[in-house]
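> Based on what follows, work out the 3D shape:
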Amino acid sequence: MQRSQPVPCGCKMKKNIDSAYKFHLIVAFSIAILCIIIYSNTLNSPFVFDDFPNIKENPYLRVNDPDFQRLYDAGFKSPNPNRPVANISFALNYYLGKHDVKGYHVVNITIHIINGILVYFLALIIFQQASFVPNQKIPQLKGASIPLISFFTALIFISHPVQTQSVTYIVQRMNSMSAMFYLMSFFLYINGRLNRVKWRSWALFCGCLVSWVMALVSKEIASTLTIIILLYEWYFFQDLGSDWLRKNIKYFFGLFAVLGLVVLIYLGWSPFD
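Residues are numbered from 1 along each chain as shown. The predicted structure is shown next:
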């Protein structure tokens, strides 16, 4: 009787990587299909409420030739000049389809799909880290269950009714676009901390910073990311160590100062007014 040859370690690793990629593709496809099914009946929903001053009646968005000056005016002279990235996206929508609401809704739905995929990968990396956190009373996750838990986390995010306004209310693209860059920035930070190659870590941190700025200039809610990253660092990388907290308290004050500066930039030098 002929013995079966052992599978080389490299081949087994390649098989596992291929299997993971296939699962990621299935997840991304499933998220997209579910999102399209849920929101396909909103494609003809008309402009409402703040859509009119920000989009329908906004002369700066009427871009027929998207050169730099026109896009700059759309970004920084619209009713919400502190949110230029979202404003420019509306201007590009106008360039492609004028005031046909279908195009605006397609972009909103696409952003929501991207957010769902980002939530999946963010949950995946967080649950993987959580399974190795020492001295914490959390369930020990099995390796095979983590992708499934992350998948269902993303499905809940995609289908939860609280998302309805951000997706169907056109001008609230500002909210979902800010969330997209927020999630991307957070994901890049965690990967930067986990990466052992120095130049790659710095590249990921630069991407994190750029994504955070893009989130900020989509909607101001992204200012909270600095606090979230500090809490994540303290819990997942420093094991809630009080020594680390005392040693790095200056960075906390520095980031709170940055947060205060962001508040002043957006609200002016008399924020209480």
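> Which residue ranges of the stretch 1-150 of the chain form helices?
For the stretch 1-150 of the chain, the helices defined by DSSP state H, counting those that start in this stretch occupy 9-39, 51, 68-76, 84-97, 101-130, 145-159.
> Give me the angle between the first one and helix 145-159.
Interaxial angle, helix 9-39 versus helix 145-159 (axes from the mean of the first three to the mean of the last three CA atoms, to 10 degrees): 20 degrees.
> what about this structure, any weak spots by pLDDT?
Scanning the chain for pLDDT under 70 picks out the ranges 1-17, 133-144, 271.
> mind listing the helices in the stretch 151-273 of the chain by residue range?
Along the stretch 151-273 of the chain, counting by DSSP H, counting those that start in this stretch, helices occupy 164-168, 173-194, 198-216, 225-232, 242-247, 249-267.
> Just give me the neighbour total for residue 158.
Neighbours of residue 158 under the rule other CB atoms under 10 Å: 23. In this view, the C-beta of every residue, glycine as well, is placed from N, C-alpha and C.
> Test my guess that it contacts residue 36.
No. The pair residue 158 / residue 36 is not scored as a contact, 10.2 Å apart, by CB atoms under 8 Å.
> Report the set of residues contacting both of these two.
The contact sets of residue 158 and residue 36 overlap at residue 113 (CB atoms under 8 Å, 6 or more residues apart in numbering).
> sorry, back to before: tabulate the helices of the stretch 1-150 of the chain in a markdown table, adding columns for distance to residue 180.
Output for those, formatted as a markdown table (distance: least, CB to CB, whole Å):
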| stretch | distance to residue 180 |
| --- | --- |
| helix 9-39 | 13 |
| helix 51 | 20 |
| helix 68-76 | 17 |
| helix 84-97 | 10 |
| helix 101-130 | 5 |
| helix 145-159 | 12 |
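> Quick one, which of these gets closest to residue 235.
Nearest to residue 235, of all the helices of the stretch 1-150 of the chain, is helix 101-130, at 9.4 Å by CB to CB.
> helices or strands next to the closest one in the packing?
Other helices and strands packing on helix 101-130, by 3 or more CB pairs under 8 Å, 6 or more residues apart in numbering; DSSP states H and E, are helix 9-39, helix 84-97, helix 145-159, helix 164-168, helix 173-194.
> and of those, who's closest to residue 213?
The nearest among the helices and strands packed on helix 101-130, by CB to CB, is helix 173-194 at 8.3 Å.
> tell me which strands and helices the closest one is in contact with?
Against helix 173-194 (3+ CB pairs under 8 Å, 6+ apart) you get helix 84-97, helix 101-130, helix 164-168, helix 198-216, helix 225-232.
> go with 6 Å
When contacts are defined as 3 or more CB pairs under 6 Å, 6 or more residues apart in numbering; DSSP states H and E, helix 173-194 packs onto helix 84-97, helix 101-130, helix 198-216.
> now the second one against helix 173-194, angle please.
In other words, helix 101-130. Here helix 101-130 runs at an angle of 30 degrees relative to helix 173-194 (the same axes, to 10 degrees).
> For helix 101-130, list every residue counted as buried.
Buried residues in helix 101-130, counted by 16 or more other CB atoms under 10 Å: 101, 103-109, 111-127, 129-130.
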